[in-house]
Every structure is written in structure tokens, then in C-alpha cells.
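Engineer: Have a look at this prediction, sequence included:
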Amino acid sequence: MSPGNAALIYNNVTFHFLHPKPEENDDFQPGKVIVRPGEMVLIIPGGCGPYEITGRLNKSWFDGKNADEGNEVDAYWSDVGVGWVGIWREVDHQYLFSFVLNPATAISVPDDE
């Protein structure tokens, strides 16, 4: 990434996981999201994690894998206008998940990496 580009950091993001079985409760996990040109990083420290999924822009959606190889996760997500919705695949389970990025909470920082 060239100097002068900025990353947007969204703290206090709530990730909502919908369980495929109706008898199981939905799960809500706190985390943060970092947005850079062509890239979005989902960071969830708790749950069965930690998870750090760097998604690359692919047409109109992001897709990525968890950086921690001990927790195999593939995720795909897209902006649906009122938030982000995606599919989270972990081992033998698949979940729908969603999150909302509140522009009022975004922190812009230089991204010189």
C-alpha cells in the first residue's frame, strides 16, 4: 500500500451469527473491522477464535480466510445497503453472519504498511 492511503478502523462492531438449527440461539461477538482500499479485515478476539480474516475485494463482495490456521474459516460477505451479510464456513459448520459499520465510529489512520 502506498504512503498517504488511509485505513478506516471501526471499533465496537457486533458480529451476529445465525445458527442453522432453530433450537440453537444466535451468537453475538464483539470485534472490529479495518477497511483499506480493496481489503477489509474482520477481527473477532473471542468466541471460538481468535479470528482475523482479511477479505479481498472480488467484484462486489469480499472473501478471505482466517489468519490462524488452527481455526479454519472461509468467509464471504457483501454490503446489502443496511449492513454487511455473509457466509461463514468453519470446519463442518456454515453460518449466516452480519455486521454494521457505523460511520460515526470510524477512525482514519495512515496506512504505510
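Structural biologist: Yes, it's here.

Engineer: Do a quick rundown of the strands in the protein.
Structural biologist: Ranges of strands in the chain, per DSSP state E, are 6-18, 27-36, 39-44, 51-58, 61-66, 73-79, 84-90, 93-99, 106-110.

Engineer: Could you give the average pLDDT over the last one?
Structural biologist: Per-residue confidence for strand 106-110 averages out to 84 on the pLDDT scale.

Engineer: how far does it sit from the chain's center?
Structural biologist: Between the centre of strand 106-110 and the centre of its host chain there is 17 Å, according to C-alpha atoms, centre = their mean, to the nearest Å.

Engineer: Tell me the helices and strands packed up against that strand.
Structural biologist: The contact analysis (3 or more C-beta pairs under 8 Å, 6 or more residues apart in numbering; DSSP states H and E) places strand 106-110 against strand 6-18. Yep, even glycine has a C-beta here, placed from its N, CA and C like the rest.

Engineer: who touches the strand it packs on?
Structural biologist: Residues outside strand 6-18 that contact it (C-beta atoms under 8 Å, 6 or more residues apart in numbering) are 26-36, 42, 44, 88, 95-102, 105-111.

Engineer: Give the ChimeraX command for selecting the buried subset of those.
Structural biologist: Only the buried members of these end up in this ChimeraX selection, burial being decided by 16 or more other C-beta atoms under 10 Å:
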select :29,31,32,33,34,35,36,42,44,88,95,97,98,99,111
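
Engineer: number of nearby residues for Gly64?
Structural biologist: Using other C-beta atoms under 10 Å, Gly64 is surrounded by 20 other residues.
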